[in-house]
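**Student:** Fold the following.
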Amino acid sequence: MTYTIEGIITDVTATRAVGQTGINIRDVRIDTSTDARWPNVLELTAKKDRCALLDGFGPGDNVRARFSLDGRKWEGANGTRYYTTLTLWGIERVGAQTPQTAPAQAPAEPPADEALPF
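**Tutor:** Below is the predicted model of the structure:
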């Protein structure tokens, strides 16, 4: 199940390798606050090839991000801990206009002396 948020990017981290497998991750922090008295900044994590999704984004960008909730249980010497990650699946600028292409032109009429192939 995916969720969507809109907000303003406050920070984008560099790609880094973590864990025993050396998986690449990159974080983006998005401020979704509607009232300055109650800050609400969420950290979403891009993994593996999705790290490249954050190229070209930076602080101050208004964005819409799609993410999923991932959780895991960890048992160690100090007891059991639970971790939750907001995993980034997609990100786009809000209000960004799609590139416009030139309108398609009608094909030119063949010269009258050319025979049609049918």
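**Student:** Could you use CA atoms for every contact and neighbour count after this?
**Tutor:** Fine.
**Student:** any weak-confidence spans in this protein?
**Tutor:** Where the chain drops to pLDDT under 70, the residues are 96-118.
**Student:** And the strands in it?
**Tutor:** 3-12, 16-18, 23-31, 41-47, 62-76, 79-93 (DSSP state E).
**Student:** residues in contact with the residue nearest to the spatial centre of the chain?
**Tutor:** Centroid-nearest residue in the chain, with Cα atoms, centre = their mean: Ile91, separated by 2.5 Å. Shown in contact with Ile91 (Cα atoms under 8 Å, 6 or more residues apart in numbering): 53-54, 63-66.
**Student:** and what of Thr4?
**Tutor:** Thr4 is in contact with 64-67, counting by Cα under 8 Å, 6+ apart.
**Student:** Same check on Asn62?
**Tutor:** Neighbours of Asn62 in contact, by Cα under 8 Å, 6+ apart: 6-9, 93-94.
**Student:** Show me the beta-bridge partners of it.
**Tutor:** Ile8 (DSSP bridges).
**Student:** That one and Glu6: what is the separation?
**Tutor:** Asn62 sits 7 Å away from Glu6, taking Cα to Cα, to the nearest Å as the criterion.
**Student:** Starting from Leu44, give me the distance back to the nearest residue to Lys48 once chain neighbours are set aside.
**Tutor:** Leaving aside its sequence neighbours, Lys48 sits nearest to Asn24 (Cα to Cα, 6 or more residues apart in numbering; 5.0 Å). Going from Asn24 to Leu44 by Cα to Cα gives 14 Å.
**Student:** on that earlier part again, quick one: which two of the contacts of Asn62 are the most distant?
**Tutor:** Ile9 and Val94 (11.5 Å; Cα to Cα).
**Student:** got any residues that touch both of these two?
**Tutor:** By Cα under 8 Å, 6+ apart, the residues touching both Ile9 and Val94 are 62-63.
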